[in-house]
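Kindly return the folded structure for what I paste below:
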Amino acid sequence: MDSREEKELVKKAQADPEAFGRLYDEYYPKIFGYVLRRTASLEMTQDVVAETFLKALKNLPRFKWIGLFKNNSSFGAWLYRIAANEIVNFWRQKKPSLPLDDVREPESGGNLLEEISLAQEKLERHQDFLAVQREIQSLPEKYQAVLTLRFFEEKQIKEIAEILDKNEGTVKSLLHRGLKRLRDRLPPAEH
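A predicted model of the protein is given here:
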């Protein structure tokens with residue numbers, strides 16, 4: 001969806017809440033992925049994403065297209081900002097629990113040893129991800145947000161600045177410091 005189309009859709013949704021459905025369909029997978037990568041908990045993600053879209057719908061009439069630098073701000077950046085705030089609020093209210101790993105039977109039809117090997121590799125990657133996720137969660141919120149947006153959501157510096165309502169220099173500095181702290185905490189193999 002281009003910015004012109006997004007603006008028209010937001011304008012319609014501000015007048016008619018039923019038009020919000022298209023915005024929801026467009027942004028739900030992105031916001032869900034962002035929150036899941038930040039929390040590593042499906043249950044927490046579902047709660048945070050639901051609250052994010054509820055607040056967005058509730059506050060949509062007050063949404064304005066002016067950002068930090070008086071440039072047009074995107075609706076997506078506004079949603080990411082709400083989601084980031086909701087993650088912080090959720091952690092303040094409830095200590096997050098680590099998710100249980102899904103245990104599935106191998107899908108037969110192929111080589112069982114190959115399937116077991118692939119499952120072990122996937123589990124190791126998942127465990128590495130959870131280890132990195134725990135370390136990211138132990139960092140101050142300002143570093144968590146920029147690291148997740150940059151490396152998991154693959155946002156550009158400019159987009160991160162818009163989402164977090166900070167200037168680009170501050171974002172670069174937070175990324176640099178956050179990565180340094182993360183490297184200092186992780187064993188060399190996980191860098």
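
How about residues contacting the helix or strand containing Val171?
Element membership for Val171 (DSSP states H and E) is helix 168-185. For helix 168-185, the surrounding residues in contact (Cβ atoms under 8 Å, 6 or more residues apart in numbering) are 132, 135-136, 138-139, 142-144, 146-147, 150, 157-158, 160-161, 164, 166, 191. Backbone N, C-alpha and C define where each C-beta goes, glycine included.

do that again at 6 Å, thanks
Glu135, Leu139, Lys142, Tyr143, Val146, Leu147, Arg150, Ile157, Ile160, Ala161, His191 (Cβ atoms under 6 Å, 6 or more residues apart in numbering).

Helices - which of the residues you listed land there?
Judged by DSSP state H, the subset of the contacts of helix 168-185 located in helices is Glu135, Lys142, Tyr143, Val146, Leu147, Ile157, Ile160, Ala161.

Can you give the contact residues for stretch 77-84?
Residues outside stretch 77-84 that contact it (Cβ under 6 Å, 6+ apart) are Tyr27, Ile31, Val35, Thr52, Lys55, Ala56, Ala145, Glu162, Ile163.

typo on my end, stretch 37-50
31-32, 35-36, 86-87, 90, 96, 99, 130, 133, 148, 152.

In helices, which of those fall?
The helices, defined by DSSP H, take in Ile31, Phe32, Val35, Leu36, Glu86, Ile87, Phe90, Leu130, Gln133 from the contacts of stretch 37-50.

so who does the last one touch?
Spelled out, that is Gln133. Counted by Cβ under 6 Å, 6+ apart, Gln133 has contacts Ala40.

what does the fourth one give?
Taking Cβ under 6 Å, 6+ apart, we find Leu36 in contact with Thr45.

what's the burial count for Gly21?
Neighbours of Gly21 under the rule other Cβ atoms under 10 Å: 12.

ugh, wrong one, I meant Val35
25.

And for Leu174?
21.

Top of the ones in helices among the contacts of helix 168-185 by number of neighbours, please.
Counting neighbours by other Cβ under 10 Å, Val146 leads the ones in helices among the contacts of helix 168-185 with 28 neighbours.

What pLDDT is listed against that one?
Here the pLDDT value assigned to Val146 is 92.

got a list of what it touches?
Residues near Val146 by Cβ under 6 Å, 6+ apart: Ile160, Val171, Leu174, Leu175, Gly178.

cool, Phe63 as well?
Going by Cβ under 6 Å, 6+ apart, the list of residues near Phe63 is empty.

For it, grab phi and psi.
Here the main-chain torsion angles of Phe63 (degrees, to the nearest 10) amount to phi -70, psi 130.

circling back: quick one: least confident of the contacts of helix 168-185?
Lowest pLDDT among these: His191, with 48.
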